[in-house]
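**Student:** Sequence and predicted model, in that order:
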Amino acid sequence: MKKSVIETLLSSLDNSLRWTGIPARVADEMADGPSVDRRQRPLRWTPIWPIAFSVALVMLSLLWPPALMSSMGVATWVMAPALGSGICAIAPAIYAFGPLGKSSLEDDERESALRKDSFLFCLGLLAVLNCLGQPLLMILAVFEHWEPAHSASVLGSVLMLNGTLFGSLPTLYASWKLSSLSKE
């Protein structure tokens, strides 16, 4: 049976659309399983490790300052920039591979709302922590008669915690807020 002109035209339009790769990309985005080339995925546990390490460093500098100022402390001061740069390198990698890693220009309404909510949560938490924590640390430094080295170690660890929270917390929030699609 011979095809009509309209069917031939529609078939050629379909073939030209398949040539662009858009139908495969749409089907891949709608699929349940992760694709090979999809980089953004929920990271629910990975951002917790740098945050836990930074919190442990703040607690160590607050509760046990002799550990940072003894002869072992010299090794800590030598390794602190390496550890800080390591965490500073991990946080953007977590962000890039998380659900917020793609450009915001490619977001649909749901992803845009998720991005906005995650950054507002992160910035709100950082504002509360810094507004309450900085005066508390100043009062603690005065009443406990901290040495300048102890104040510097606390300041450096709190600065690292702020950077880690700003780099990892939006990804953590978005990953837990992101609902996974059902298998149906």
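**Tutor:** Perfect, thanks for sending it. Residues are numbered from 1 along each chain as shown.

**Student:** which stretch of helix or strand covers Ala91?
**Tutor:** Per DSSP states H and E: Ala91 is located in helix 71-97.

**Student:** quick one: the helix or strand just after that helix to chain centroid distance?
**Tutor:** Per DSSP H and E, helix 71-97 leads on to helix 109-144 as the next helix or strand towards the C-terminus. In this view, helix 109-144 has its centroid 15 Å away from the chain centroid, taken as CA atoms, centre = their mean, to the nearest Å.

**Student:** list the helices and strands helix 109-144 packs on?
**Tutor:** Applying 3 or more CB pairs under 8 Å, 6 or more residues apart in numbering; DSSP states H and E, one finds that helix 109-144 contacts helix 148-177. (Glycine included, C-beta is placed from N, CA and C.)

**Student:** The helix it packs on to helix 109-144, inter-axis angle?
**Tutor:** Relative orientation of helix 148-177 versus helix 109-144 (axes from the mean of the first three to the mean of the last three CA atoms, to 10 degrees): 160 degrees.

**Student:** Helix 148-177: how far from the chain's middle?
**Tutor:** For helix 148-177, the separation from the chain centroid amounts to 11 Å (computed by CA atoms, centre = their mean).

**Student:** Pull out the buried residues from that helix.
**Tutor:** 150-151, 153-154, 156-158, 160-161, 163-175 (16 or more other CB atoms under 10 Å).

**Student:** Also stretch 134-151?
**Tutor:** By neighbour count on 16+ other CB under 10 Å, the buried set for stretch 134-151 is Leu137, Ala141, Trp146, His150, Ser151.

**Student:** what separates the fourth one from Leu57, distance-wise?
**Tutor:** The spacing between His150 and Leu57, counted by CB to CB, to the nearest Å, is 14 Å.

**Student:** re the thing from before, farthest-separated two in the buried residues of stretch 134-151?
**Tutor:** Largest separation among these by CB to CB: Leu137 and His150, giving 11.1 Å.

**Student:** per-residue confidence for Pro99?
**Tutor:** Listed pLDDT for Pro99 reads 81.

**Student:** One more: the one 10 residues further on?
**Tutor:** At Glu109, the model reports a pLDDT of 84.

**Student:** Give me the number of neighbouring residues for it.
**Tutor:** Counted with other CB atoms under 10 Å, residues neighbouring Glu109 total 7.
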